[in-house]
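J.: no sequence for this one, just the structure:
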């Protein structure tokens, strides 16, 4: 075929392919097992789950109260939970408080509702600076928090993981739960976006 060049794999794609082939060749894992893990993180685990939780809380005051009282149980009502999400706390952003989540020791993160942590969440710079200078870090994400709003930084751990409940955007009363969920990103639920 003239003019057609196959996609050249990136360095990371080449490393992943090499590792996968080595693991399969040695009988440590099957390609079906690898495909199942990938499908889980593409379809079952990820920020779409957290967005569903947030949207339900915005649309259902009773659910919101349960979520703020016992997050693990309320999140479980929607079918989300398990490893890395056993003990959850939901932090509500308000007109006077903005919450930000960090893990200062490593990268503890609520996988069932947010999926895999982004690279920046695990970086030493984010882990240290989010605690020392949270407003500066937020500004780097394009998030300006007014001076009269308190910024609270929460340190996630292996025992306790957090999810931020962002404020519901104005003029969204006409939206259904699915449309509300489409407004929510992973960064909102970590607190680096308002």
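T.: Right, received. Where do you want to start? Note that the structure is a prediction, hence the values are computed from the model and not measured.
J.: all helices of this protein, in order?
T.: Assigned by DSSP state H, the chain shows helices spanning 11-25, 31-39, 47-59, 61-69, 71-77, 111-114, 119-122, 124-132, 134-140, 177-181, 186-190.
J.: next one: the longest one to chain centre, how far?
T.: With CA atoms, centre = their mean, to the nearest Å as the basis, the distance from the averaged C-alpha position of helix 11-25 to the chain average is 27 Å.
J.: quick one: the most centrally placed residue in the chain from residue 124, how far?
T.: Taking CA atoms, centre = their mean, the centroid of the chain lies closest to residue 114, which sits 2.9 Å from it. As judged by CB to CB, to the nearest Å, residue 114 and residue 124 stand 20 Å apart. Where you see a C-beta, it was placed from the backbone N, CA and C, and this is true even at glycine.
J.: if we can go back for a sec, could the helices of the chain go into CSV alongside distance to residue 157?
T.: Listed next are the helices of the chain as CSV, based on distance: least, CB to CB, whole Å:
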stretch, distance to residue 157
helix 11-25, 29
helix 31-39, 25
helix 47-59, 19
helix 61-69, 20
helix 71-77, 15
helix 111-114, 14
helix 119-122, 14
helix 124-132, 12
helix 134-140, 18
helix 177-181, 28
helix 186-190, 15
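J.: can you tell me which of the ones you listed is most buried?
T.: helix 111-114 (a mean of 24; mean count of other CB atoms under 10 Å).
J.: for it, packing partners?
T.: helix 47-59, helix 186-190 (3 or more CB pairs under 8 Å, 6 or more residues apart in numbering; DSSP states H and E).
J.: wouldn't residue 163 be in contact with residue 51 here?
T.: No - between residue 163 and residue 51 there is no contact under CB atoms under 8 Å: 10.7 Å.
J.: distance of residue 73 from residue 80?
T.: In terms of CB to CB, residue 73 sits 11 Å off from residue 80.
J.: what of residue 117?
T.: On the measure of CB to CB, residue 117 and residue 80 end up 16 Å apart.
J.: what's the spacing between the least confident helix or strand in the chain by mean pLDDT and its chain's center?
T.: Ranked by mean pLDDT, DSSP states H and E, the weakest helix or strand in the chain is helix 31-39, scoring a mean of 81. Per CA atoms, centre = their mean, the displacement of helix 31-39 from the mean C-alpha position of its chain is 21 Å.
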